[in-house]
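Novice: I need the structure of the sequence given here:
(chains A and B)
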Protein chains: 2
Amino acid sequence: MLKVPQNQVAGHQAGGGKLGPLVDDSGHFYKPLQGDERGSKEVAFYTSFSLNTKVPDDIRKFFPIFHGTQLVEASDGSGLKSHLVLEDLTLGRVNPSIMDIKIGSRTWSPQASEDYIAKCLKKDRESSSLLLGFRLSGLQFYTNKESVFRKPTRKSVQSLSAEEIKLVLKNFVSSNTSTELESKPDCAFASLVFGGPTGILSQLFELKSWFEDQTLYHFYSVSVHMMYEKRLASEGRNPGAEIKLIDFAHVDEGRGVIDHNFLGGICSLVKFISEILRATDDCPTKACSKDAQKKHYITDNGIN
Amino acid sequence: MLKVPQNQVAGHQAGGGKLGPLVDDSGHFYKPLQGDERGSKEVAFYTSFSLNTKVPDDIRKFFPIFHGTQLVEASDGSGLKSHLVLEDLTLGRVNPSIMDIKIGSRTWSPQASEDYIAKCLKKDRESSSLLLGFRLSGLQFYTNKESVFRKPTRKSVQSLSAEEIKLVLKNFVSSNTSTELESKPDCAFASLVFGGPTGILSQLFELKSWFEDQTLYHFYSVSVHMMYEKRLASEGRNPGAEIKLIDFAHVDEGRGVIDHNFLGGICSLVKFISEILRATDDCPTKACSKDAQKKHYITDNGIN
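Specialist: Numbering: from 1, shown residues only, chains lettered A, B, ... in the order given. Model (predicted):
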């Protein structure tokens, strides 16, 4: 039985008779193929990537598992439609806090059409992409069991300044239970989520190393999808902090050149997260709650 | 007594009654201020940079020393004109081999005028900037005492493919004495010039580390100027491999964000040079002359 996913924060969304992705109970995510060449490009990428022996095994974990394509009943009631069958990234998660961040100051391939380039360039300039090297494309903050703060894809979210994106990232790892962004978030879970050997910063560093070397693909308009479970973090348990790359409708072959556009964006994101983490580590009693800080150290030593 | 510099490979050049930079015998390079805002922006950058205590000392070596501005007789005979007074980067060099590489897939600041952005974007797309993250803007290969191969700034030089730029970089560190690019350069001096603790790759890594962290400046349309003395390399002596950053007419304040555009370009250049060096190290008898390889190892141990 296919249903509308609960934790999608960006992109086309199913429900209300609209076309969007579906999930089943066995951990599959069904993404309808976009009618234009984006659909075929995304299938081509997943097919190429899944067969490419030059991709290191420890890099594959950052990509959704690909199970091929399948005809399923589309969510808009239009009948059977071809869908990408992917891993459901939120399987087993109860109330994940999520941020989707579109990486790169440029979201267009040099090979795209003039119309498409003009459209993307305008959006890159109006959003934060050009300045920051990335833009926020969706987020969902878990606050408590009853209320989930979700901010959908909106122009205002996409065009945050450096100070504003820093505030969102701090709120992402804070213990606040308000349904709005707090102006002085406590960053209680910064060390637990961003830091440590399995935290988000470590994972971004792994990706960064690969991007400094890989000349297989150029990833335009691809997002980093960051997740963790705030409830577990607040209990001092391993919050399952994880990043995945998603949305591959605009991937080119690398042809002997690294993806300097994606790499630059990742480095910029790394810098923002490092700064938050450094401020937290430098000043634990001020920037973090003492308890959460303590729990972090325990977690870092493998005791969850 | 001011004179026309002998080793300038890109930019406006003096001589033949044209306006261009001049040098004196005491190691100063006089660059005429460009009449539009580029001149004032470059003075503003050098002034800010020279006073900025946040710039680490070991990073300053990559920038020409700034001695202020001075009114001197312009090279086009138009009378006294304001010039930037900088360090003459080729002072003491006899026949330097030089490559100037403009870094960044984007050469325009988000704050530039629409006309200027359109002009730069067109050039970035037509040249190799967009694809490679940098473009060659000038080069000079020393071949022997009598003949110097110089290739001036030309569209064909600026729009090299990945394979072509690799070939130019290989020729740059090869022992060929032809006045044309060789299709199978021997890379005899690759280890000596690119490799080792004082080689160009090490210097690029130092720059890269700083760019991963610094949020002081965004460097648009800035070039890496690489130099070494082939004659010394062929004698197995320290060839004085050195990089400097030049041309700061389009520098913005960083405002809390790293220069992801410049960083991406530097990483791409690093990848090209690393590949050449790796091929040389993997296969010394094939890619390098045995003698030069041997001399390199001696140099690496401090014996020049």
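Novice: Please list all residues in contact with the one residue in the stretch 1-150 of chain A that gets nearest to chain B.
Specialist: For the stretch 1-150 of chain A, the residue closest to chain B is residue A:133, as judged by Cβ to the nearest Cβ, at 3.6 Å. All C-beta spots, glycine's among them, are computed from the backbone N, C-alpha and C. Residues in contact with residue A:133, defined by Cβ atoms under 8 Å, 6 or more residues apart in numbering or on different chains, are A:103, A:104, A:105, A:264, A:265, A:267, A:268, A:269, B:257, B:258, B:260, B:261.
Novice: Now with 7 Å, please.
Specialist: By Cβ atoms under 7 Å, 6 or more residues apart in numbering or on different chains, residue A:133 lies in contact with A:104, A:105, A:264, A:265, A:268, B:260.
Novice: Where does pLDDT dip in the stretch 1-150 of chain A?
Specialist: A:144-150 (pLDDT under 70).
Novice: Count the neighbours of residue A:94 for me.
Specialist: If you count neighbours by other Cβ atoms under 10 Å in any protein chain shown, residue A:94 ends up with 12.
Novice: ok but it is inside a strand, no?
Specialist: No: secondary structure of residue A:94 (DSSP: H, G, I helix; E, B strand; the rest coil): coil, not part of a strand.
Novice: what's it sitting at in phi/psi?
Specialist: Dihedral pair for residue A:94: phi -90, psi -60, per degrees, to the nearest 10.
Novice: contacting residues around stretch A:50-70?
Specialist: A:28, A:43, A:46, A:49, A:82-87, A:89, A:207, A:210, A:216, A:243-246.
Novice: quick check: angle from the stretch of helix or strand residue A:118 belongs to to helix B:114-126?
Specialist: With secondary structure defined by DSSP states H and E, residue A:118 is part of helix A:114-126. With axes from the mean of the first three to the mean of the last three Cα atoms, to 10 degrees defining the directions, helix A:114-126 sits at 120 degrees from helix B:114-126.
Novice: what comes up buried for helix A:114-126?
Specialist: A:117, A:120, A:121, A:123, A:124 (16 or more other Cβ atoms under 10 Å in any protein chain shown).
Novice: got it, and stretch A:238-255?
Specialist: For stretch A:238-255, the buried set under the neighbour-count rule, 16+ other Cβ under 10 Å, comprises A:238-239, A:241-252.
Novice: among the contacts of residue A:133, who's most crowded?
Specialist: Neighbour max across the contacts of residue A:133 (other Cβ under 10 Å) = residue A:264, 33 neighbours.
Novice: contacting residues for that residue?
Specialist: Counted by Cβ under 7 Å, 6+ apart, residue A:264 has contacts A:105, A:133, B:260, B:261, B:263, B:264.
Novice: Can you classify it as helix, strand or coil?
Specialist: Applying three-state DSSP: residue A:264 is helix.
Novice: before we move on, what about residue A:176?
Specialist: Classified using three-state DSSP, residue A:176 is coil.
Novice: Find the nearest non-adjacent residue to it, please.
Specialist: residue A:182 (4.6 Å; Cβ to Cβ, 6 or more residues apart in numbering or on different chains).
Novice: what does residue A:181 give?
Specialist: Per Cβ to Cβ, 6+ apart, closest to residue A:181 is residue A:171, 5.0 Å.
Novice: ok but that neighbour is inside a strand, no?
Specialist: No: per three-state DSSP, residue A:171 lies outside any strand segment and is helix.
Novice: so it makes contact with residue A:183?
Specialist: No: Residue A:171 is beyond contact range of residue A:183, at 9.4 Å (criterion: Cβ atoms under 7 Å).
Novice: got the contact list for residue A:199?
Specialist: A:193, A:241.
Novice: which phi and psi does it have?
Specialist: phi -80, psi 180.
Novice: where's it relative to residue A:226, distance?
Specialist: Using Cβ to Cβ, to the nearest Å, residue A:199 is found at 11 Å from residue A:226.
Novice: And the helices in chain A?
Specialist: A:37-51, A:57-60, A:114-126, A:129-132, A:155-158, A:162-172, A:190-193, A:200-213, A:230-234, A:260-282, A:284-287, A:290-300 (DSSP state H).
Novice: Deepest in the core, which of the ones you listed is it.
Specialist: helix A:190-193 (a mean of 28; mean count of other Cβ atoms under 10 Å in any protein chain shown).
Novice: Please compute how far that helix lies from its chain's middle.
Specialist: The chain centroid and the centroid of helix A:190-193 are separated by 17 Å under Cα atoms, centre = their mean, to the nearest Å.
Novice: hang on, the earlier thing: please tabulate the contacts of residue A:264 in TSV, including the columns distance to residue B:16.
Specialist: Shown next, in TSV, are the contacts of residue A:264 (distance: Cβ to Cβ, whole Å):
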residue	distance to residue B:16
A:105	40
A:133	43
B:260	41
B:261	36
B:263	39
B:264	38
